[in-house]
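Asks: I would like to see how this sequence folds:
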Amino acid sequence: MNNDESDDVREVKRNGITVRIRPTIKDGITRFVLDYYANGQRKLVWRSTMADARTAANAAIDKITEGQAEVLNLKATDAYAYTRARDALAGIEKGIDDVAKEYAEAYRLLKGKASVLEACRDWAKRHAIELPRITVADAVKEFKLQCVAGGKSKVRQKEISTVLTSFAAGFNQEIHTLEPKMIADYLTALTLAERTRRNYRNVIGYFNRWLILRGYLAKATDLLDGVQKYSARLHGEITTYNAEEMRRIIAAADERILPLIVLGGFAGLRHAEIQRLDWEDIDLEEGFIEIKAHKAKTKTRRIVPIKANLKAFLLPLEKKTGKVVTIKNTSKELGITAANTADEANDVKAMEWKHNALRHTYISARVAECGNVALVADEAGNSPQVIRTNYLKRMRPAAAAEWFGIMPETKGGK
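Replies: So this is what the prediction gives:
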C-alpha cells in the first residue's frame, strides 16, 4: 500500500485502486481535482485543499472497494450475468439497475401479451413514418364532408356532426397527440345519460377508424383502448300504448305521417329506419319488409313480417317508388298528431307522444303472441338480451291479439 502524506502527493493508491490528484490554478487560486474511475465511468471531483482532496480520495477508494466486494461475493453464474449485462450496455448511458427497473415495469405493463422486444418493434414500425400534422377541428371538418360525399343518411350525418362538433371543441390540438386517457376524461365529464355517452363513444370509435384509413393515425391506434364502455340500457320505465290509445293516434294522424305510425306500431321498425325506407323495400303481396344493411341501425340486413292489420293500413297508401315517409320533420308532426287526439266535445284531453313506445309495444305484443324472444330479436334487429332489458314489457296474449287486431276504419265506421 502506498499512501504518501506529503504535500506533493499526486496519487492515492490502495487495494489496487488509484485516485490521481491534479492541482490546478484558476484566477490565481489553486484547486485540487480528483480523477478516477468508478463503475466504468470517469469521475472528476474538486476540492479546495490537498488535505480535503486526500480525504475524498480515500473515501472514494473505500466506496469502490465496497462495491467490488459485493461483486466478488456473487456466485459465479451471477457474476458472469453481471459482466454480460455490463457489456450489453456498452454505449448506453444508463446504469444496470435503472435498465432492470425500466424493463420490469414494461414487462408488467404487457401482462404476458407480448415480449418487451416485440412491443418495441411494433411501436417502431408504427411510428417509422411521420404522420401528417392536422388539428382535430380540421380532421372533423374533413370527415363530415366525407360522410356527405359517401351518401350517409341525414340522420347519421346529424348524429356524427353533433358528436364530433362537441369533440373538436374539447380538443384544441393535433390529432396525433390524442391519447385514450384524454378521451376517457372527456366522456366522463359529459353531462349526458349513459346511453348517449355510449353513442358518443361509438361515433368517436368510427372517427378513429377513418383517421387510420386517411393516414392521420398510425395503424392499430386505438383511442378507445381502456376507455369505459357504457350501457345501452334505457333508464326508466318501458313505455307502451294500449289498443285504444293506438286507435286514437291513428284517427288523429295525417296521411303523410300514418305510415310511420303503423310501421312503428305493427312492425317494430325504428324511427330512423322508417325514414330511410322506400316503397320498393315493402312487399305487400309476399308479406315482408326488407331492411337493407345500409338502412339498418346495426348495419345488418333483416326481414320483418307484415301483419294483416299493417297490410290493411299500407295498401291504400302504397306507391310504386319513392320514400314511404316524405315529411322531413317527423318529430314535429308526431307531436301535432298527439295534440289532435283531444276531443273537447267529450272533454277528452290530448295524449302525450311517448318516445319509442310504438316499437316497445310491438315487441311486447309480438313476444306475447309467439313466445319466442330470439325470433322477435331477429325481426327487431337487437340481441335477445337487449330485447329483455330495453324493450319488453309484460303483455297478455289477449292484449297482443287486440293490438294486432286494430284495423283501418271503414266508411261506415270501425
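Asks: Give the residue spans of the stretch 151-300 of the chain that score low on pLDDT.
Replies: In the prediction, the stretch 151-300 of the chain carries residues with pLDDT under 70 at positions 232-236.
Asks: Please, where are all the helices along it?
Replies: Assigned by DSSP state H, counting those that start in this stretch, the helices in the stretch 151-300 of the chain fall at 154-170, 180-189, 194-213, 243-252, 258-267, 271-276.
Asks: so which of those helices gets nearest Glu102?
Replies: Set against Glu102 and scored by C-beta to C-beta, these come closest in helix 180-189, at 21.0 Å. For the C-beta atoms, the positions are set from N, CA and C on the backbone; glycine is no exception.
Asks: Check the burial of Ala339 by counting its neighbours.
Replies: Neighbour count of Ala339, defined by other C-beta atoms under 10 Å: 13.
Asks: give the contact list for it.
Replies: Ala339 makes contacts with Ala350, as judged by C-beta atoms under 8 Å, 6 or more residues apart in numbering.
Asks: Residue numbering should commence at 169 henceforth.
Replies: That works, and once the first residue is 169, the last one we named lands at Ala507.
Asks: Tell me which of the helices of the stretch 319-468 of the chain sits most buried.
Replies: Stretch with highest mean neighbour count among the helices of the stretch 319-468 of the chain: helix 426-435 (a mean of 25; mean count of other C-beta atoms under 10 Å).
Asks: Dump that one to PDB, keeping only the CA atoms.
Replies: Coordinates of each C-alpha in helix 426-435 appear next as PDB, following Å, rounded to 0.1, in the frame of the first residue of the first chain:
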ATOM      1  CA  LEU A 426     -99.600   7.500 -40.900                       C
ATOM      2  CA  PRO A 427     -97.000   5.000 -42.500                       C
ATOM      3  CA  LEU A 428     -94.500   5.900 -39.800                       C
ATOM      4  CA  ILE A 429     -97.100   5.200 -37.000                       C
ATOM      5  CA  VAL A 430     -98.300   1.900 -38.300                       C
ATOM      6  CA  LEU A 431     -94.800   0.600 -39.300                       C
ATOM      7  CA  GLY A 432     -93.500   1.500 -35.800                       C
ATOM      8  CA  GLY A 433     -96.500   0.000 -34.000                       C
ATOM      9  CA  PHE A 434     -97.200  -3.100 -36.100                       C
ATOM     10  CA  ALA A 435     -93.700  -3.900 -37.500                       C
END
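Asks: contacts for it?
Replies: For helix 426-435, the surrounding residues in contact (C-beta under 8 Å, 6+ apart) are 409, 414, 417-418, 421, 437-439, 442-443, 445, 457, 472-475, 477-478, 481-482, 485, 492-493, 498, 502, 505, 526-527, 529-530, 571-572, 574.
Asks: before we move on, back to that, can you redo the helices of the stretch 319-468 of the chain as a markdown table with distance to Ala307?
Replies: Formatted as a markdown table, the helices of the stretch 319-468 of the chain follow (distance: least, C-beta to C-beta, whole Å):
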| stretch | distance to Ala307 |
| --- | --- |
| helix 322-338 | 8 |
| helix 348-357 | 14 |
| helix 362-381 | 6 |
| helix 411-420 | 44 |
| helix 426-435 | 36 |
| helix 439-444 | 26 |
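Asks: quick one: which of those helices is nearest Leu257?
Replies: helix 348-357 (32.2 Å).
Asks: burial count for Arg222?
Replies: Counted by other C-beta under 10 Å, the residues lying close to Arg222 total 21.
Asks: Quick one: mean pLDDT over the helix or strand harbouring it.
Replies: Here Arg222, judged by DSSP states H and E, is contained in helix 218-240. Average pLDDT, helix 218-240: 77.
Asks: before we move on, the earlier item: let me know which of the helices of the stretch 319-468 of the chain is the nearest to Arg562.
Replies: helix 411-420 (15.9 Å).
Asks: Output the contacting helices and strands for the closest one.
Replies: helix 426-435, helix 498-507, helix 565-571 (3 or more C-beta pairs under 8 Å, 6 or more residues apart in numbering; DSSP states H and E).
Asks: could you turn the second one into CSV, dropping everything but the C-alphas?
Replies: Okay, so that is helix 498-507. Presented in CSV, the C-alpha positions along helix 498-507 are these (Å, rounded to 0.1, in the frame of the first residue of the first chain):
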residue,chain,number,x,y,z
THR,A,498,-91.4,13.8,-38.4
SER,A,499,-91.0,14.6,-34.7
LYS,A,500,-93.0,17.8,-35.0
GLU,A,501,-95.7,16.0,-37.0
LEU,A,502,-96.0,13.3,-34.4
GLY,A,503,-96.4,16.0,-31.7
ILE,A,504,-99.2,17.5,-33.7
THR,A,505,-100.8,14.1,-34.1
ALA,A,506,-100.7,13.6,-30.3
ALA,A,507,-102.3,17.0,-29.8
